[in-house]
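>>> pasted the sequence and its predicted model underneath.
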Amino acid sequence: MRLYINECVKAFCRRSTIGIFLALTVINGVLLWVNESSKKDQLYTAAQYRAVYDSIENMNADEAFEKLSKMQNDLNIMERLSFREDVSYIDESVDTEVLIEKYNSKAYLEYTDNIFTEQQLISDVLKEVQACAEYDSYLDGIDQQARKMTGISLFADPDSFSYKNIAKTPSDFAHLKGSKLTPAPSKGVDMATGFQVTDIAAFLMIMTVVVTIVTREKELDQIVLSRTTYRGRMPLGLAKLMTCFTAAFIALVLLFSVNFAAGYFTYGYGDLGRQIQSVYSFNGCDLKISVVQYFGLFLLSKFGVYCLFAALIYLITVVSNSSVKVYAILTIILAAEAVMYYTIPSASCLCPLKYINLVAFANTNDILAQYLNLNILGEPFGYKSVFVISVSVLLLTFSILAVIFYVRQSVIRNRTKRLSISIFKGRNTSLFLQECYKIFICGKVLFILIAFGAFVWFSYTPINEKFASADEIYYKQYMLKLEGELTPVKEQFLADEQAKFDQAEADMQRELANGNWYAAMKYQNILAPKVAFDQVKSHDEYLKSNGGEFVYDTGYKLLTGDESAGNKDAILALTVLAMLICTLTYVYSIEYKTGAAVLLRTSPRGRGTVFVRKFLIGLIIITVIYALTYSPYFYNVLHAYGMRQLSASAGSMEHLSGWDMSILAYLILISVVRYLGLIVSMLLIFFISAKTRSFISSLLIETAVLILPIVLYLLGIGTFRWFGLTPIVIGNTIL
């Protein structure tokens, strides 16, 4: 017990640990609020959502459904009135004059001040209430669907997984028949238990503790003291493992205290004793539990997942003899599991790799909310049961292995001869060359750059100009024909084309009216370019208002952040930042690990002179990484789509409206901005390394500050596009 208490003091009483835990807790709460309040598809506020549920609080599901259905019908009538439509045909008993007076006074708006917002609000709540009111019908539908599908020849084989899965489903839901669901706010439950960023914050907290009690001790060579502990290393290994589990518990309490408070004060939970199926996203759950029981089961499951992650990190740190290996192994494991989770189809025979997976386990609310059977050796096994068994077995396995490896790890370093590469002959006192040798050779940066270059070389795949449809081909033909400044000749050409299409459409409609049903086929070839022409015509109107030239811009859009480029800018930024962290973290952390930092304080201009050399070497590294990351992509796009009209105004493209510079100048500008962003990132890496004085701690903090925002942005949380250095490194974001 004393060892455990001492390990807890060592782990949790450090100012850096306390600061990280508090910072992550606050950040999690802020991001949860920002994410909930910035949903683009939700026009109404949380207060308005709660107000609707307050108005139906004492009603059962059928009564609430009837009331909200009537409100929705009334709103639909009012919407028709807003377009000056005749609504008397809907209900002859309705007094149109009364409706118009009600519309003009906006008396029909009970919760918002806008008809479209009111419609969306009532529609969303009605959808949740309807799921409660028609739950018995939903269960009957499961039975009917099972009988129907087992009768289809494709699923009729009794020995197949599909047949067994379909036949098993009705029996798993049979105990839920007759359930009476009570309508109540669903969004609060989802907000409290469905925020993925919380899991990332918890993982960072756990990693901080494990790094403190294992990896940092290895860096400082304190692990040799464990030989002198009473009864050997076994009690100490167990104490460290329990400290990791304590970190998981503290992370769970801190983070979900914020989440549950936020969910309660934002949307509310309603009656906590109601059945969990009354929460809209849990309508397909096969567990007969209440909301409060779900909360308890969720927290218990989440604690198991966090303990599993803690045991895995503990095992990795124990078996790895360097911080780089810890970072590399963890990155590879999480990346591989993420790829399997997001790429393997649910119906695949490889689905156990998709769902028996740490990334899948982190989505605990989805596991509890959804009904799913896994195909294991041709038999359907409930995912919830598989989840419990898998987490328990893996947790026990990782824990035992971690303690065993901790007990048996070697603390005596073998003084074997290592490969030494001389970058200059004879004795040399050049500080720059010495720093080059320390960073590129001792720090393995040269080998990392060579490996990255080899990866870029072998993974390079030339792209060809792609046309998703015939419209894109016609668009290119039009833009190449009109290329250059807008002139009267081009205006006349566009007018003639418009007249041709108008005449063809008029002729086709006339022939169709006369009974010639083949007219559409007759005019098909003439009207084929019409969609592309409309796009060109719209661009012509834009050029008249904003200036610019006709440019075939498909390739340039890929390089300048248009929607057609997708997330390519973010992926490239993620790659270049990950490489910077791998190569530059060593630059300053090694000085503190070896104690050489003390010498810099005693030499004239020591720290300043060394910083300049390190900065210059960092610029070399940045330049190489930058060129290897962006050059292939720029070359690929420009080679495939051409470099015509590079001197044209960037404002010729709609998404760059207002930019008074050439396309070439804009491409140079975003390249310079990205490069400057990388320099700022390098300085930040130097600062973090100097302050933490630990390689592994620096890696974790740098990953949280530089990598995590881009990952969250790629996962769909758009707010992170503007977080930290992300907009500068992406480049097109701020321009």
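That came in fine, so what should we check first?
>>> chain center to the helix ranked longest in the chain, what's the gap?
The helix spanning the most residues in the chain, taking DSSP state H as the definition, is helix 606-641. Centroid separation for helix 606-641 versus its chain: 27 Å, with CA atoms, centre = their mean, to the nearest Å.
>>> buried sites along the next helix-or-strand element following it?
Note on helix 606-641: by DSSP states H and E, the next helix or strand toward the C-terminus is helix 663-692. Residues of helix 663-692 classed as buried: 663, 666-667, 670, 673-675, 677-678, 681-682, 684-686, 688-690, 692 (neighbour count, 16 or more other CB atoms under 10 Å). The C-beta positions use only the backbone N, C-alpha and C, and glycine is treated the same way.
>>> the longest helix of the chain vs helix 663-692, what angle?
Counting by axes from the mean of the first three to the mean of the last three CA atoms, to 10 degrees, helix 606-641 points 140 degrees away from the direction of helix 663-692.
>>> for helix 606-641, packing partners?
When contacts are defined as 3 or more CB pairs under 8 Å, 6 or more residues apart in numbering; DSSP states H and E, helix 606-641 sits against helix 431-436, helix 445-459, helix 554-559, helix 568-594, helix 597-602, helix 663-692.
>>> and of those, who's closest to residue 34?
Closest to residue 34 of the helices and strands packed on helix 606-641, according to CB to CB: helix 568-594, at 18.7 Å.
>>> circling back to that earlier point, quick one: which of the helices and strands packed on helix 606-641 is nearest residue 8?
Nearest to residue 8 among the helices and strands packed on helix 606-641 is helix 663-692 (21.1 Å), distances taken as CB to CB.
>>> and the next helix or strand past the closest one?
By DSSP H and E, the next helix or strand past helix 663-692 is helix 695-702.
>>> so that following helix versus helix 663-692, what angle?
Here helix 695-702 runs at an angle of 140 degrees relative to helix 663-692 (the same axes, to 10 degrees).
>>> give the buried residues for helix 695-702.
Across helix 695-702, burial judged by 16+ other CB under 10 Å covers 695-702.
>>> give me the distance from it to the chain's centre.
Distance, centroid of helix 695-702 to centroid of chain: 22 Å (CA atoms, centre = their mean).
>>> for stretch 405-423, what is the average pLDDT?
Mean per-residue pLDDT for stretch 405-423: 55.
>>> residue 368 and residue 384, how far apart?
Residue 368 sits 7 Å away from residue 384, going by CB to CB, to the nearest Å.
>>> which residues do these two both contact?
Residues touching both residue 368 and residue 384 (CB atoms under 8 Å, 6 or more residues apart in numbering): residue 287.
>>> looking at these two, which is more packed in?
residue 368 (21 against 18; other CB atoms under 10 Å).
>>> show the contacting residues for the more buried one.
Counting by CB under 8 Å, 6+ apart, residue 368 has contacts 282, 285, 287, 294, 297-298, 301, 384.
>>> so which bits of the longest helix of the chain are buried?
Across helix 606-641, burial judged by 16+ other CB under 10 Å covers 610-611, 613-614, 617-618, 621-622, 624-626, 628-630, 632-633, 636-638, 641.
>>> got a list of what the spatially closest residue to residue 476 that is not a sequence neighbour touches?
Closest residue to residue 476 apart from its sequence neighbours, by CB to CB, 6 or more residues apart in numbering: residue 552 at 5.9 Å. Neighbour list for residue 552: 476, 479-480, 483, 641-642, 644-645 [criterion: CB under 8 Å, 6+ apart].
>>> which of the residues you listed lies closest to residue 723?
When these are compared against residue 723 (criterion: CB to CB), the nearest one is residue 641, at 31.8 Å.
>>> nearest residue to the closest one other than its sequence neighbours?
Leaving aside its sequence neighbours, residue 641 sits nearest to residue 555 (CB to CB, 6+ apart; 2.6 Å).
>>> can you check residue 291 too?
residue 272 (4.9 Å).
>>> isn't the one you found up against residue 293?
No. Contact criterion CB atoms under 8 Å: residue 272 and residue 293 do not qualify, at 9.0 Å.
>>> and which of the buried residues of helix 695-702 is nearest to residue 138?
Looking at the buried residues of helix 695-702 and their distance to residue 138, the nearest is residue 700, at 45.9 Å (CB to CB).
>>> distance check, the closest one against residue 16.
Counting by CB to CB, the separation of residue 700 from residue 16 is 11 Å.
>>> anything in contact with each of these two?
Taking CB under 8 Å, 6+ apart as the contact rule, residue 700 and residue 16 both touch residue 208.
>>> quickly find the element holding residue 185.
Counting by DSSP H and E, no helix or strand carries residue 185.
>>> which residues does it contact?
For residue 185, the contacting residues are 49-50, 53, 267-270, by CB under 8 Å, 6+ apart.
>>> and what of residue 130?
Contacts were defined as CB under 8 Å, 6+ apart; by that measure residue 130 touches residue 65.
>>> centroid-wise, who is the farthest residue in this protein?
residue 514 (56.1 Å; CA atoms, centre = their mean).
>>> list phi and psi for that residue.
Main-chain dihedrals, residue 514, degrees, to the nearest 10: phi -90, psi 10.
>>> could you do residue 275 as well?
Main-chain torsions, residue 275, degrees, to the nearest 10: phi -70, psi 140.
>>> and if you look at residue 549?
phi -130, psi 160.
>>> now swap in residue 281 and tell me
Dihedral angles phi and psi of residue 281 (degrees, to the nearest 10) take the values phi -70, psi -10.
>>> how far away is it from residue 549?
Separation of residue 281 from residue 549 (CB to CB) stands at 50 Å.
>>> check residue 72 too.
50 Å.
>>> what's the answer for residue 440, then?
Plainly put, residue 440 is 47 Å away from residue 549 if you go by CB to CB.
>>> who's more crowded, these two?
Looking at residue 440 and residue 549 with other CB under 10 Å, you find the greater number of neighbours at residue 440, namely 20 against 17.
>>> so how many other residues sit close to the residue nearest to that one when sequence neighbours are not counted?
Leaving out its chain neighbours, the residue that sits closest to residue 440 by CB to CB, 6+ apart is residue 446, at 4.1 Å. If you count neighbours by other CB under 10 Å, residue 446 ends up with 18.
>>> my guess is residue 446 meets residue 437, correct?
No. Using CB under 8 Å, residue 446 is not in contact with residue 437, being 9.9 Å away.
>>> need the contact partners of the helix or strand where residue 325 lies.
Using DSSP H and E, residue 325 sits within helix 323-343. Contact partners of helix 323-343, identified using CB under 8 Å, 6+ apart, comprise 215, 219, 312-313, 316-317, 320, 350, 353-355, 357-360, 444, 582, 694-696, 699.
>>> return it as PDB; C-alpha atoms alone will do.
Extracted in PDB, the C-alpha atoms of helix 323-343 (Å, rounded to 0.1, in the frame of the first residue of the first chain):
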ATOM      1  CA  SER A 323      10.900   7.000 -25.800                       C
ATOM      2  CA  VAL A 324      10.900   6.800 -29.600                       C
ATOM      3  CA  LYS A 325       9.800   3.200 -29.600                       C
ATOM      4  CA  VAL A 326       7.000   4.000 -27.200                       C
ATOM      5  CA  TYR A 327       5.700   6.700 -29.500                       C
ATOM      6  CA  ALA A 328       6.200   4.700 -32.600                       C
ATOM      7  CA  ILE A 329       4.500   1.500 -31.300                       C
ATOM      8  CA  LEU A 330       1.600   3.400 -29.900                       C
ATOM      9  CA  THR A 331       1.100   5.300 -33.100                       C
ATOM     10  CA  ILE A 332       1.200   2.200 -35.200                       C
ATOM     11  CA  ILE A 333      -1.200   0.300 -33.000                       C
ATOM     12  CA  LEU A 334      -3.800   3.200 -32.900                       C
ATOM     13  CA  ALA A 335      -3.400   3.900 -36.600                       C
ATOM     14  CA  ALA A 336      -3.900   0.200 -37.500                       C
ATOM     15  CA  GLU A 337      -6.900  -0.100 -35.300                       C
ATOM     16  CA  ALA A 338      -8.400   3.100 -36.700                       C
ATOM     17  CA  VAL A 339      -7.900   1.900 -40.200                       C
ATOM     18  CA  MET A 340      -9.600  -1.500 -39.400                       C
ATOM     19  CA  TYR A 341     -12.500   0.200 -37.700                       C
ATOM     20  CA  TYR A 342     -13.200   2.700 -40.400                       C
ATOM     21  CA  THR A 343     -12.500   0.500 -43.500                       C
END
